[in-house]
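[1] how does the following fold in three dimensions:
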Amino acid sequence: MKQTTIERIINFSKNRDWDKFHTGANLAKGLAIEASEVLELFLWQDEPTSVDDLADELGDCLIYLTYLCDKYKLDPDTIVNNKLDKNERKYPIDKCYGKSTKYNKLS
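    Reported below is the predicted structural model:
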C-alpha cells in the first residue's frame, strides 16, 4: 500500500479523535467483523454478486489492518515479506506444487 494511503487512513481516525477507541481488541474485533462481511458475500454461492460490494468490504478490512499495524508500530511490507519467507520454507515448491495439502502433511 502506498505511504500516502496509509497516512490518509491514519489521519482519518486522528482527525475524528477516534484513536481512543482503537484498542488492540477493538481493532481485532472490527477486522473479524469486516472479514465476516466479505465471507457473507459468498454465502450460498461461489462468487459474489457484486464486485463493488466486495471492494468495499475488502477496503474495510485493509483499513482495520492498517490501524492495527500503526498501533503496534508494524511495517506492512516487512510483516508481509517476513510471513512470505516463512511460508516459502513451509511450502517448498517441489513438495507442494499443485497441492492444497497443509505444510505438516507434505511428504
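[2] number of nearby residues for residue 66?
    Counted with other Cβ atoms under 10 Å, residues neighbouring residue 66 total 21. Where C-beta positions appear, they are placed from N, C-alpha and C, glycine not excepted.
[3] quick one, what contacts it?
    By Cβ atoms under 8 Å, 6 or more residues apart in numbering, the contact list for residue 66 reads 1, 6, 9-10, 76.
[4] now the element after the one helix or strand it maps to, going C-ward?
    Here residue 66, judged by DSSP states H and E, is contained in helix 51-71. Downstream of helix 51-71, the first helix or strand assigned by DSSP H and E is helix 76-90.
[5] state the mean pLDDT of that next one.
    In this model, helix 76-90 carries a mean pLDDT of 97.
[6] for the contacts of residue 66, pick the one with the most neighbours.
    Going by other Cβ under 10 Å, residue 9 tops these with 20 neighbours.
[7] just the element for that residue, please.
    Per DSSP H and E: helix 3-14 holds residue 9.
[8] which residues touch the nearest residue to residue 74 once chain neighbours are set aside?
    Among residues not flanking residue 74 along the chain, residue 68 sits closest, at 7.6 Å (Cβ to Cβ, 6 or more residues apart in numbering). Applying Cβ under 8 Å, 6+ apart, we find residue 68 in contact with 24, 27-28, 31, 74.
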